[in-house]
Structure formats: structure tokens, C-alpha cells
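K.L.:
pasting the sequence and the predicted coordinates here, then a few questions.
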Amino acid sequence: MKTKIIIVEDNEELLDIMFKFLSPLDYEIAKATDGVAALKLMENAEFDIVITDIMMSNMGGMELLKHIKNDFPQTDVIIVTGFTEQYGYIDVINAGACDFIAKPFIREEFQAKIHRVVRERKNIIRLKSELKERQRMEEELRRKEIILNRAQEIAHVGSWHLDIKQDILTWSDEIYRIIGCTPQECRPTFKAFLDTVHPDDRQLVDITYTSAIKNKQAYEVVHRIVRPNGEVRVVREKSEEIVDEFGETIHSIGITHDITEQKRFEEELAEARMNAEVANLSKSEFLANMSHEIRTPMNAIIGMTRLALESATAEQRHYLETVQDSSQYLLSLLNDNLDFSQIEAGQIHFENRPFILGEVLQAVTQTLSVSAREKGLQLTYLLSTHPIISLIGDEYRLRQVLLNLVGNAIKFTEAGQISIEVEELSQEDNNVVLQFCVKDTGIGLAKEVQERIFDRFAQADNSITRTYGGTGLGLAISKKIIELQGGKIWVESEPGKGSAFYFTSCYPKGNKNARSVMSMENADQVFLPSLKILLAEDNPFNRELARIVLEKKGHTVVEAENGVEVLKKLASARFDVILMDVQMPELDGIETTKLIRMVESQTITSELYQELLQSVQKNLQGSRVPIIIAMTAYEMPEDRVRCLESGMDAYVTKPFEPEKFFKIIALATGKGLWF
């Protein structure tokens with residue numbers, strides 16, 4: 001941005017000379033013949049520097065300087081005068097000027113003075129900006145620390161750090177809350193913490209910690225603490241040791257998680273399990289209500305932790321990721337319990353919508369492919385019927401069962417492969433009976449285990465729970481889903497030789513005409529040629545995200561913040577695709593699309609934006625306008641219909657998945673290469 005300067009001089013010859021001196025330079029210059037005229041200019045525009053003579057009629061330089069300092073304190077003033085005996089450098093500087101130029105002066109001296117003032121001014125502005133940014137960052141850091149402390153308080157997870165060489169231990173605020181004392185009452189030392197440990201657990205904690213330091217290993221231990229008021233709490237401690245380049249342990253960091261409520265929750269679940277044998281429905285309702293109540297604060301914990309993670313340091317990230325992982329695990333347990341209770345309470349409903357079987361199988365294998373690769377396992381699927389067979393049923397529940405069976409197969413298989421096989425058993429009228437099989441090369445199951453593996457809360461034995469984790473609800477849920485749809489499930493297995501889980505299901509056949517489009521949507525990858533895309537989105541963060549994603553794929557992106565800007569862009573340029581947000585200020589995506597289609601049909605009946613629409617029509621010259629794709633957070637079926645009826649060609653919901661996003665563009669434009 002150019003520096004804006006006013007030259008104030010009542011001698012027009014000198015005024016022109018100073019103007020000529022500065023004209024070749026990269027400044028924006030205005031002229032005034034006295035102080036009054038200069039102030040009028042400054043009332044209508046911001047100026048950076050005023051160069052003024054002292055002796056002028058109708059307001060001299062010193063009086064002008066006084067007005068500027070009072071009314072425009074951000075503007076610098078340079079005094080120019082020939083009365084050096086009357087007005088010296090010290091006088092004008094004390095009056096508030098930033099510099100002093102004595103007459104007569106030569107071009108080089110004059111330009112050098114101005115250059116120096118401009119440079120110093122820019123440096124001061126830069127320093128102020130840097131100071132303001134530093135203050136903002138410090139405030140942001142304080143805000144994140146507050147969020148972190150609040151997240152720890154909600155999750156009951158305290159963090160600690162031990163500098164072993166300096167023997168300095170620090171505790172977060174939540175540690176003090178967990179052990180029931182204040183920083184004034186208790187200094188952060190290992191001995192002080194050990195004193196809070198229950199006497200029966202103290203030796204275990206001491207040995208565990210000492211061994212971890214000696215062997216340079218992380219540790220995890222569950223024990224009890226006794227608060228000063230006698231209250232007993234249960235905590236889980238986890239640590240990680242940090243070593244230097246010589247292999248010596250220099251730091252120990254960890255968390256202390258108050259799991260008293262979780263332990264109490266587990267005890268209540270055990271009691272509910274016993275009651276379930278007598279009062280099955282009561283147990284289901286109990287689990288549903290309890291899970292619902294716990295899910296609400298758990299979501300808050302996960303959300304706040306995610307916020308803090310966005311700007312956390314490496315050390316903070318370790319603590320927060322531990323909180324997040326523990327929260328996600330607890331939430332998954334609650335989800336399983338809620339799902340099972342809904343099934344037993346008869347609250348589960350099944351959808352009947354068209355879906356592509358091959359697409360479901362591919363989605364399941366893609367979802368679990370990372371877990372399989374991490375264990376070196378091969379994960380495949382085989383569909384003996386036509387791979388794009390269209391069915392009508394509950395695609396979500398089918399995926400849920402397959403994800404459960406394949407997830408278990410990965411969990412209990414250490415080497416080899418896992419496969420999903422689908423076979424057509426029979427056809428009658430418009431229905432097809434399919435048999436699904438998930439095979440693995442895992443640990444296998446004994447005969448007695450196979451007889452109860454589908455029971456609720458069942459595991460092969462207690463060692464399975466300790467080694468592999470889980471609630472024992474997954475197979476029980478899968479069995480209920482399959483049986484409620486008229487199918488059956490069973491397992492064939494031998495210890496050490498893997499397992500094969502089978503289930504059957506009957507589906508009506510879907511619409512064959514949807515095959516080609518659904519098949520392409522299910523393709524692994526799509527290649528698009530470089531497109532010129534008009535991106536209409538009022539949210540700057542969403543707009544930036546979409547632009548980055550598109551530009552990384554080689555597309556040219558022009559941005560618009562509302563429908564009016566879209567029309568203005570179309571009046572001067574042509575595009576291959578318009579990505580149109582639905583909800584935008586001034587003119588939303590639905591109305592904008594209707595106006596564009598009106599232009600396309602050469603029947604402009606709208607009284608709004610007549611001149612702009614005519615410009616769009618002239619630029620398009622009768623050709624079809626670009627492909628318009630809705631990009632919106634609305635995802636109800638009626639919203640999709642509303643977008644398509646307005647004239648949009650396709651529809652994608654936020655937050656969008658980039659690969660799926662590009663497939664939709666390829667389908668809408670017909671320009672993609674699928675492979």
C-alpha cells in the first residue's frame with residue numbers, strides 16, 4: 001500500500017518544487033496551500049505524512065501541527081522552514097514533529113529525509129503489529145490453558161511432569177483436585193503423592209514407579225488414594241519416560257485419571273447383568289437411560305479436548321491424546337450398550353432403501369484396511385453374484401454386522417488373511433437370499449465356546465477380555481439384527497485353524513437402472529482434467545478448505561461470497577463447474593441457481609438484477625451455463641429434492657470427503673476417468 005503524503009506550502013513555486021521532488025517516488029501525494037486546506041483533505045482521507053511550511057497565511061505550520069497531533073495522532077509531521085533562527089530543530093521536535101527540513105534544500109537531501117521518515121514509520125507500524133500479534137498469541141495461549149484445565153477437570157484427568165536431573169515435579173491443577181489438597185497445603189513431590197496412596201497399595205505404586213525409572217519404561221498402574229477427609233478414590237496412572245542421547249532417563253511425564261465413577265459404573269453394570277437374567281426388559285431400559293445420560297457429558301469432554309489439541313504443544317498433546325483415547329474408548333462401550341438395549345427394548349427400526357451390495361462390501365474393507373495392514377493381514381472380499389447387484393434394505397445394519405465380524409476377525413488374527421464371501425442361495429419372485437461368510441486364519445474357537453459366543457456379554461474366556469478387550473456385546477447385537485430381519489447366524493471353527501462366521505439374509509431386488517452411476521461412485525479413484533471452478537461459499541473457513549482441496553488437484557478456483565457475486569463472475573468469465581453453497585447472504589444458492597437457469601432458457605422474467613442477468617446472458621451467448629453442484633450442510637431428503645428442483649445438477653453434503661467430492665464432480669461433468 002502506497003504511503004500517502006500531503007505537501008502544505010503557500011508559495012506555489014516551492015509547492016511545485018517539493019511535489020516534483022517526490023513525484024518520481026512511489027508515494028501518493030496531495031497538495032494544500034495552507035493549514036486549513038490540509039485539514040479539510042485529512043477529514044476525507046487518511047494520510048501518513050504531512051510536510052508543512054511554518055509561515056503561511058490562514059493557519060501556519062505550527063498551528064497545523066497542533067491540530068494534527070490532537071485530531072490525527074497517527075499522522076507524522078515534517079516541518080519545512082527558512083526561519084531557522086526563529087524555529088530550531090529542538091523546537092519543532094518538542095512541538096510534536098517527527099523531523100525538520102531547513103530551506104533552502106536540495107533534491108537529494110529532501111528525498112533522503114522523506115525516505116528516512118517513511119522507513120522509520122513502517123518499522124514502527126511493523127513493531128506495533130508484532131507486539132499486538134504477540135499479545136494476541138499470549139492471550140490465545142492463556143485461553144487454551146484455561147480450556148485444557150477445564151477439559152482435565154471435566155475428564156478428571158490430571159497431568160504431571162518430573163525433571164529427573166533437577167528433581168523437580170510439577171502437577172496440573174486437576175492433580176490437586178484429585179488428591180484433595182491445594183498447592184499451599186501440598187508441595188508437588190513423589191513422597192507427597194505416595195503419602196496419599198492407600199496403605200495397602202503403597203508398595204505396589206513405589207515398586208512400579210522405581211522399576212519404570214530403572215528400566216526406562218512406561219508404566220500403568222491402578223490404585224487407591226485416600227483424601228485428607230478420609231474419602232477413598234480409585235485412580236489409573238500412566239507414564240512415559242523420556243531419555244537423552246546417552247539413553248539416560250531425564251524426564252517422566254504422565255497422567256493421573258480419577259476412575260472412581262467409572263469403577264462405580266462398571267460395578268453397576270455387573271449388577272445389571274445379574275438382574276438381566278430375571279428382568280431382561282428392566283435391564284435394557286436401565287442401560288439405555290444410563291448410556292444416554294453419560295453420552296452427553298462424554299461428548300463435551302471429547303469436543304473440548306479436540307479444541308485444546310488444535311494448538312497444543314507436544315507435551316500437552318500427549319496428555320490430551322490420552323484423554324481423547326480414553327474418552328473414545330468409553331464412548332464406544334456406551335454405544336454398544338445403548339445399541340443392545342434398544343434392540344432388546346424393541347426400539348430398533350430398519351430402513352428399506354436401495355443400495356449396491358458391492359459398494360457395501362468395498363466400504364467395509366476400505367474402513368478396516370488400515371487395521372488389517374497394521375497387523376500384516378490380507379483383507380479381501382468375493383461376490384459370486386454380479387458385483388453391482390442392487391438390493392433394497394437397511395444398508396447401515398448390514399455394514400454394522402459386517403464391520404463387527406471383520407473387526408473381530410482382525411482382532412483375533414495375528415497372521416494370514418481375512419475374506420468376505422457372498423453367495424446367492426436362492427431367488428423367488430423379486431427376492432434374493434444371500435449367504436455371507438467372514439473367514440479368518442486366527443486363533444479359532446473351541447466347540448463349547450461356539451455354543452455361547454453369541455450370548456450377550458460373552459467372551460471365549462476371561463483371558464480373551466484381558467488380552468483383546470471388548471464388551472462381548474458385538475456378536476449378540478449382530479445376531480439380534482440378523483434374526484430380526486428373518487436371517488440366521490452361526491460359526492464354524494477349530495482351535496488354531498481360524499473361524500468362519502456365516503449369516504443369511506433376504507432382500508428384494510433394487511432398480512437395475514442405477515447400476516452404472518453407483519458403480520462409478522464405488523470406483524477406487526477418479527482422474528479429472530483441470531477445470532475452471534467458481535466456488536460460492538460465504539463462510540471463509542469452508543471456502544478456504546474447498547479452495548485448497550481443489551487447487552491441490554490442479555483446478556483453477558475463483559471465489560464468490562454470495563449469489564450476487566456469482567452472477568457478477570458469470571457476467572465476465574466462463575466456468576466448467578459452480579460449487580454452490582445453499583445458504584448465503586443477500587442471494588442464496590437456490591435463488592441464484594433459478595436465476596442462472598432462467599438466463600440459460602433465455603426467459604428473464606425476474607425483476608431483480610435485470611441488468612446483471614442481461615450481462616450474464618450476453619457473456620454466455622446462448623450456451624449452457626456451467627454444471628451447478630450444491631455444497632451444503634443440509635442433508636435431509638427434502639433438502640436434496642429442493643436443490644435438484646431449483647436446477648442444480650448434483651448435491652454434496654458437508655463436511656465432504658475429498659475423494660467422494662471429486663467423484664460427484666466427475667459424474668456431474670462427465671469428464672472423469674475411473675479406475
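P.N.:
Good, I have the coordinates.

K.L.:
can you list the buried residues in the helix or strand where residue 557 lies?
P.N.:
With elements taken from DSSP states H and E, the one containing residue 557 is strand 556-560. The neighbour-count check on strand 556-560 (16 or more other CB atoms under 10 Å) flags 557, 558, 559, 560 as buried. Using the backbone N, CA and C atoms, a C-beta is placed for each residue, glycine as well.

K.L.:
and if you look at stretch 47-55?
P.N.:
Buried, per 16+ other CB under 10 Å, within stretch 47-55: 47, 48, 49, 50, 51, 52, 53, 54.

K.L.:
just stretch 308-327 next, same as before
P.N.:
In stretch 308-327, counting by 16+ other CB under 10 Å, buried: 308, 309, 312, 316, 318, 319, 320, 322, 323, 324, 326, 327.

K.L.:
also stretch 53-64?
P.N.:
53, 54, 56, 59, 60, 61, 62, 64.

K.L.:
out of the residues you listed, flag the one nearest to residue 577.
P.N.:
Closest to residue 577 out of the buried residues of stretch 53-64 is residue 64 (57.3 Å), distances taken as CB to CB.

K.L.:
pLDDT score for that closest one?
P.N.:
On pLDDT, residue 64 comes in at 92.

K.L.:
from memory it sits against residue 35, does it?
P.N.:
Yes: using CB atoms under 8 Å, residue 64 is in contact with residue 35, at 3.5 Å.

K.L.:
give me the common contacts of these two.
P.N.:
8, 52 (CB atoms under 8 Å, 6 or more residues apart in numbering).

K.L.:
coming back round to it: mind checking which of the buried residues of stretch 53-64 are in helices?
P.N.:
61, 62, 64 (DSSP state H).

K.L.:
can I get the residues you listed in JSON lines with distance to residue 102?
P.N.:
Shown next, in JSON lines, are those (distance: CB to CB, whole Å):
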{"residue": "61", "distance to residue 102": "13"}
{"residue": "62", "distance to residue 102": "15"}
{"residue": "64", "distance to residue 102": "18"}
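
K.L.:
what residues does stretch 182-191 touch?
P.N.:
By CB under 8 Å, 6+ apart, the list of residues contacting stretch 182-191 reads 160, 162, 169, 170, 171, 175, 176, 179, 192, 209.

K.L.:
now the two most distant members of these.
P.N.:
Comparing the members of these, the greatest separation, given CB to CB, is between 176 and 209, at 19.4 Å.

K.L.:
element containing residue 423?
P.N.:
Per DSSP H and E: strand 417-428 holds residue 423.

K.L.:
for residue 660, same thing?
P.N.:
Residue 660 belongs to helix 658-669, assigned by DSSP H and E.

K.L.:
now that helix: buried residues?
P.N.:
So, applying 16+ other CB under 10 Å, buried residues of helix 658-669: 661, 662, 663, 664, 665, 666, 667, 668, 669.

K.L.:
counting by contacts, list what it packs against.
P.N.:
Under the contact criterion of 3 or more CB pairs under 8 Å, 6 or more residues apart in numbering; DSSP states H and E, helix 658-669 touches helix 515-521, strand 526-527, strand 577-580, strand 627-632, strand 650-653.

K.L.:
change it to 7 Å
P.N.:
helix 515-521, strand 526-527, strand 627-632, strand 650-653 (3 or more CB pairs under 7 Å, 6 or more residues apart in numbering; DSSP states H and E).

K.L.:
quick one: whatever helix or strand comes next after the second one to strand 627-632, angle?
P.N.:
In other words, strand 526-527. Next helix or strand after strand 526-527 toward the C-terminus (DSSP H and E): strand 532-536. Here the directions of strand 532-536 and strand 627-632 differ by 30 degrees (axes from the mean of the first three to the mean of the last three CA atoms, to 10 degrees).

K.L.:
the inter-axis angle of the helix or strand following strand 532-536 versus strand 556-560?
P.N.:
Moving toward the C-terminus from strand 532-536, the next helix or strand (DSSP H and E) is helix 540-552. Angle, helix 540-552 to strand 556-560, by the same axes, to 10 degrees: 160 degrees.

K.L.:
give me the mean pLDDT for helix 540-552.
P.N.:
Here the average pLDDT along helix 540-552 is 78.

K.L.:
in it, what's buried?
P.N.:
542, 543, 545, 546, 547, 550.

K.L.:
and of those residues, the nearest to residue 369?
P.N.:
residue 545 (25.4 Å).

K.L.:
quick one: contacts for that closest one?
P.N.:
Contacts for residue 545 (CB atoms under 7 Å, 6 or more residues apart in numbering) come out as none.

K.L.:
okay, and residue 154 sits in which element?
P.N.:
helix 107-155.

K.L.:
helices or strands next to that helix in the packing?
P.N.:
If you count contacts as 3+ CB pairs under 7 Å, 6+ apart, helix 107-155 packs onto helix 12-22, strand 76-81, strand 99-102, helix 173-179, helix 280-309, helix 314-344.

K.L.:
now for the helix or strand just after that helix, which elements pack on it?
P.N.:
Using DSSP H and E, the helix or strand that directly follows helix 107-155 along the chain is strand 157-163. Under the contact criterion of 3+ CB pairs under 7 Å, 6+ apart, strand 157-163 touches strand 168-171, helix 173-179, strand 249-258.

K.L.:
direction included, what does the longest one pair against?
P.N.:
Using DSSP bridges, the strands paired with strand 249-258 in its sheet are strand 157-163 (antiparallel), strand 232-243 (antiparallel).

K.L.:
now do that strand against helix 107-155: the angle between them, please.
P.N.:
50 degrees.
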